[in-house]
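In: Just need the structure, nothing else, for what follows:
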Amino acid sequence: MRANDNIQRQLVECLRPHNYFYVRKRGENAPRPGMRMIDAARAGQLVLAYLCGEPTKSKTNSNDIFGDLYEEAFNPHAVTPEVIIAAHECYSVIERRRKEILAWQASVTRNSFEESWLIEGHFHLLFVIGELMRRASIPLSETTIAISLIEKASSILRTFVERNQKVANYRLFRLARSREEILKIIDNSSKPDEANPVQIELFQHLGSA
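Out: The predicted structure follows:
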């Protein structure tokens with residue numbers, strides 16, 4: 001079983017000092033109270049989007065995390081406990097916002113919230129954050145910076161959604177072309193004539209830390 005692979009066992013041990021319990025098997029409980037839980041399957045999805053830059057696979061091929069996508073999602077030469085923590089913490093912020101939007105929609109029984117795209121585009125948002133960090137040569141293990149880029153990444157995805165208004169969000173974020181279109185928007189948002197806004201934001205953040 002994949003749950004017993006070396007990389008899975010190593011993640012359990014390496015995440016424990018950070019007060020995270022990595023759940024390899026269904027029904028496992030943390031060895032001590034107060035530990036934060038990270039499910040292995042969800043970790044694989046987050047790594048695919050954040051580290052590997054494959055948000056569509058993360059969203060539509062989740063059943064393959066421990067199958068055909070396993071070597072990519074859990075590459076021992078790239079995946080570290082710190083990257084998983086950063087992806088998990090950043091996604092937790094995104095997920096809280098997503099739940100707020102879902103609750104809002106349920107309360108008013110209509111679909112007109114400005115950022116309703118987040119319901120379907122949560123993994124793509126994490127992907128954009130990772131891409132912005134890669135382009136600025138910021139380690140993906142930098143949790144605080146990842147979280148600080150949520151608004152910048154959201155702006156990029158809003159542009160993507162606005163350009164595809166005729167496509168329902170449910171379908172839009174499942175299209176294979178979504179990744180490439182988003183990358184083009186990022187390219188245009190960081191051209192030299194715009195003074196590389198992403199890099200400036202990041203280095204200002206580092207300087208004030």
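In: can we go C-alpha only for contacts and neighbour counts from here?
Out: OK.
In: Where in this structure is the helix or strand with the lowest mean pLDDT?
Out: Ranked by mean pLDDT, DSSP states H and E, the helix or strand of the chain with the weakest confidence is helix 197-208, at a mean of 46.
In: where does this protein dip in pLDDT?
Out: Counting by pLDDT under 70, the low-confidence segments of the chain come to 1, 108-114, 190-209.
In: the strands in it, which residues?
Out: Across the chain, reading from the start of the chain, the strands by DSSP state E fall at 20-23, 36-39.
In: Which elements pack onto the last one?
Out: Contacting strand 36-39 under the criterion 3 or more C-alpha pairs under 8 Å, 6 or more residues apart in numbering; DSSP states H and E are the following elements: strand 20-23.
In: Direction included, what does the strand it packs on pair up with?
Out: Strand 20-23 sits in its sheet next to strand 36-39 (parallel), going by DSSP bridges.
In: residues in contact with the partner strand?
Out: Residues lying outside strand 36-39 but in contact with it, judged by C-alpha atoms under 8 Å, 6 or more residues apart in numbering, are 19-24, 30, 88.
In: again, only this time at 10 Å
Out: Contacting residues not belonging to strand 36-39 are listed as 12, 15-16, 18-26, 28-30, 84-85, 88 [C-alpha atoms under 10 Å, 6 or more residues apart in numbering].
In: Give me the buried entries from these.
Out: Buried subset of the contacts of strand 36-39 (neighbour count, 16 or more other C-alpha atoms under 10 Å): 12, 15-16, 20-24, 84-85, 88.
In: before we move on, back to that, as JSON lines, the strands of the chain with distance to Thr60 would be great.
Out: JSON lines is the format used below for the strands of the chain (distance: least, C-alpha to C-alpha, whole Å):
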{"stretch": "strand 20-23", "distance to Thr60": "22"}
{"stretch": "strand 36-39", "distance to Thr60": "18"}
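In: how about the nearest residue to Val23, chain neighbours excluded?
Out: By the measure of C-alpha to C-alpha, 6 or more residues apart in numbering, the closest residue to Val23 outside its immediate chain neighbours is Asp39, 4.8 Å from it.
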